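Enquirer: build me a model from this:
(one chain, ligands or ions: 1)
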Amino acid sequence: MAPPGPAGAHPTPAEPLSRSIFRKFLLMLCSLLTSLYVFYCLAERCQTLAGPVVRPSGGGEEAGAPGRGALAGGPRELAVWPAAAQRKRLLQRQQRRRRRPPAPRDDGEEAAWEEEPPGLAGGPGGSGAGSSAAEAPPGTLALLLDEGSKQLPQAIIIGVKKGGTRALLEFLRVHPDVRAVGAEPHFFDRSYDKGLAWYRDLMPRTLDGQITMEKTPSYFVTREAPARISAMSKDTKLIVVVRDPVTRAISDYTQTLSKRPDIPTFESLTFKNRTTGLIDTSWSAIQIGIYAKHLEHWLRHFPIGQMLFVSGERLISDPAGELGRVQDFLGLKRIITDKHFYFNKTKGFPCLKKAEGSSKPHCLGKTKGRTHPEIDREVVRLLREFYRPFNLKFYQMTGQDFGWDG
Ligand SMILES: Nc1ncnc2c1ncn2[C@@H]1O[C@H](COP(=O)(O)OS(=O)(=O)O)[C@@H](OP(=O)(O)O)[C@H]1O
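Expert: Just a heads-up that it's a prediction; the model follows:
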């Protein structure tokens, strides 16, 4: 018989049993925790639980501006788990790992966008500013579990270069029913020979009811693009962001100048013959702005009702108003409203109060909204004169007066 111990420490017959139960309980708890951890790792969460997420490539366009893509800047902080933004980032990582086709590059975009692999930045946009849908994007969990499928785009922003196409796409992405490829695929102009399967593979996964979109502004001036898009689907909805062709040309020139500072002046490139005032319409900066001519090609393949013309100017002065029109055109619920935007005085442009993947305000990067060089007023006047008849024709064709001609 065991000697009696101190008061209260006497082993009772029940003690070995409770110890064994306790040990079993501990074992079960450990296994449960291990399984939970393994599950977390499988969902890639264990990698993201701590520390800031570092941009995969390209860096930000604007130092210190968090976000993604053109809205992105420096290192970004994780939103508090299980915020929709974080879940979405996980999804994006999964997509990146699944397949990484060569990232198409875009003349009009700076590195931060160019280097973003297509499909990466796509997303339901559920974490967008202010909407309740943004708090819990529909189908995010399903997407995380690899559900949904890649679809060819049902809507494409086809132009125009320097019209405000990036702003439109980024704003649209706030909508939970829009998923878009981040980089410009340039399929219908540069990569058509790669085939539709290649193109579809660039797209983000979508669930029923979500719209797949992309933007490639050069399509609008590509002769083959209308027939090619129509061959993919004659129901494709086409969006064109147009801007005063003179400002657009200067913006285009400003971009080229930023990459090649040694190019001739805007004034000298504008004319075939400065003395006669003959405009050089073969210069792409001028040629792109003859919207009526380009539109004629599209109307051979698409009814005008299948095209939406967004005013690049109003996209700046009243982004919510233009987004309202776009959402209606796409058959989407009007979720993106005034509440999503604020005017950033420093940038001089409307920005998103909260972009996807962040709870902070976001403006487009520094390549959007550049300061234009001062252009000779007489040259500007001659250009306005040159464009006027084409603009009037364009107003007639679209049934919209964009107000570029006073
Ligand atoms: N919200 C907001 N923030 C910043 N910039 C804005 C915005 N909305 C429209 N814009 C105008 O978009 C112009 C660039 O047009 P794109 O995005 O179509 O350019 S590109 O063709 O993709 O290179 C860009 O042209 P520049 O001002 O010449 O840089 C802007 O004027």
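Enquirer: for the nearest residue to residue 158 once chain neighbours are set aside, give me its contacts.
Expert: Leaving out its chain neighbours, the residue that sits closest to residue 158 by CB to CB, 6 or more residues apart in numbering is residue 219, at 4.0 Å. Just so you know, the C-beta spots here come from the backbone N, C-alpha and C atoms, and that holds for glycine as well. Applying CB atoms under 8 Å, 6 or more residues apart in numbering to residue 219 gives the contacts 156, 158-159, 188-189, 225, 229.
Enquirer: in strands, which of these fall?
Expert: 156, 158-159 (DSSP state E).
Enquirer: what ranges do the strands span in this protein?
Expert: 149-150, 155-159, 178-180, 205-206, 211-215, 237-242, 271-273, 278-279, 307-311, 341-344, 349-352.
Enquirer: does the ligand sit close to stretch 209-218?
Expert: Yes - Stretch 209-218 reaches the ligand (CB under 6 Å from any ligand atom) through residue 217.
Enquirer: pull out the buried positions in that stretch.
Expert: Neighbour-count burial for stretch 209-218 flags 210-218 (criterion: 16 or more other CB atoms under 10 Å).
Enquirer: would you mind measuring the gap between the ends of that stretch?
Expert: Separation of the first and last residues of stretch 209-218 by CA to CA, to the nearest Å is 28 Å.
Enquirer: from the ligand, how far off is residue 175?
Expert: Computed as CB to the nearest ligand atom, to the nearest Å, the residue 175 to the ligand distance reads 16 Å.
Enquirer: and that residue, how many neighbours?
Expert: Other residues near residue 175 number 30, with proximity taken as other CB atoms under 10 Å.
Enquirer: kindly report the same for the one 10 residues further on.
Expert: Burial of residue 185, expressed as a neighbour count using other CB under 10 Å, amounts to 27.
Enquirer: please apply the same query to residue 390.
Expert: 17.
Enquirer: tell me which residues touch it, please.
Expert: Contacts of residue 390 by CB under 8 Å, 6+ apart are 245, 289-293.
Enquirer: those residues, buried ones only, as a ChimeraX selection?
Expert: Selecting only the buried entries of the contacts of residue 390 in ChimeraX, with 16+ other CB under 10 Å as the criterion:
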select :245,289,290,291,292
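Enquirer: returning to what we had before: so which of the ones in strands among the contacts of residue 219 comes closest to the ligand?
Expert: Proximity of these to the ligand was ranked by CB to the nearest ligand atom; the top entry is residue 159 with 8.2 Å.
Enquirer: on that earlier part again, I'd like the contacts of residue 219 as CSV, with pLDDT appended.
Expert: Shown next, in CSV, are the contacts of residue 219 (pLDDT from 0 to 100):
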residue, pLDDT
156, 99
158, 98
159, 98
188, 98
189, 98
225, 98
229, 99
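Enquirer: pick the one among those closest to residue 179.
Expert: residue 156 (13.4 Å; CB to CB).
Enquirer: and the chain, which residues reach the ligand?
Expert: Counting by CB under 6 Å from any ligand atom, the residues of the chain close to the ligand are 108-109, 161-167, 217, 251, 254, 315-316, 349-350, 364, 368-370.
Enquirer: which among the residues you listed end up buried?
Expert: 108-109, 161-167, 217, 251, 254, 315-316, 349-350, 364, 368-369.
Enquirer: and the residue nearest to residue 158, how close does it get to the ligand?
Expert: Residue 219 is 11 Å from the ligand, by CB to the nearest ligand atom.
Enquirer: residues of stretch 274-287 that come out buried?
Expert: Across stretch 274-287, burial judged by 16+ other CB under 10 Å covers 279, 283, 285-287.
Enquirer: can you lay out the residues you listed as JSON lines showing pLDDT?
Expert: As requested, those are exported to JSON lines (pLDDT from 0 to 100):
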{"residue": "279", "pLDDT": "97"}
{"residue": "283", "pLDDT": "98"}
{"residue": "285", "pLDDT": "98"}
{"residue": "286", "pLDDT": "98"}
{"residue": "287", "pLDDT": "98"}
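Enquirer: farthest-separated two in those?
Expert: Maximum distance among the buried residues of stretch 274-287 (CB to CB): 10.9 Å, for 279 and 285.
Enquirer: quick one: contacts for residue 253?
Expert: Neighbours of residue 253 in contact, by CB under 8 Å, 6+ apart: 266, 269, 285, 373.
Enquirer: what residues are up against the residue lying closest to residue 386 once chain neighbours are set aside?
Expert: Sequence neighbours aside, residue 279 is the residue nearest to residue 386 in space, at 4.9 Å (criterion: CB to CB, 6+ apart). By CB under 8 Å, 6+ apart, the contact list for residue 279 reads 270-272, 286, 382-383, 386.
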